[in-house]
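> 3D, please:
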Amino acid sequence: MSKIKKVVIAVVIVLSLGAIAKQYNERNHEAMAIEECGNKDNVAKVDSKGFECKG
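Here you go, the predicted model:
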């Protein structure tokens with residue numbers, strides 16, 4: 001395999017792992033937000049970095 005193919009494969013793997021980690025964090029933060037805020041209606045924002053409750 002050429003070096004270019006190896007680099008492309010490595011980049012694809014890194015990007016895929018990053019997407020999987022982001023999705024995991026968002027699901028985890030959503031569960032934490034529902035627990036912290038009381039219910040889903042009280043959650044203002046959830047992303048891969050954290051969450052915010054309304055009010």
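> quick one: the strands in this protein?
Using DSSP state E, the strands of the chain run over residues 43-47, 50-53.
> between these, which one is nearest to residue 2?
Each of the strands of the chain has some distance to residue 2 by C-beta to C-beta; the shortest is strand 43-47, at 38.4 Å. Placement of C-beta: from N, CA and C, glycine included.
> what's the average pLDDT for the closest one?
The average of the pLDDT scores along strand 43-47 is 93.
> elements contacting that strand?
helix 3-37, strand 50-53 (3 or more C-beta pairs under 8 Å, 6 or more residues apart in numbering; DSSP states H and E).
> could you dump the strands of the chain to a markdown table with mean neighbour count?
As requested, the strands of the chain are exported to a markdown table (neighbours: other C-beta atoms under 10 Å):
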| stretch | mean neighbour count |
| --- | --- |
| strand 43-47 | 15 |
| strand 50-53 | 14 |
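> I'd like those strands as TSV, with distance to residue 23 appended.
Output for the strands of the chain, formatted as TSV (distance: least, C-beta to C-beta, whole Å):
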stretch	distance to residue 23
strand 43-47	11
strand 50-53	15
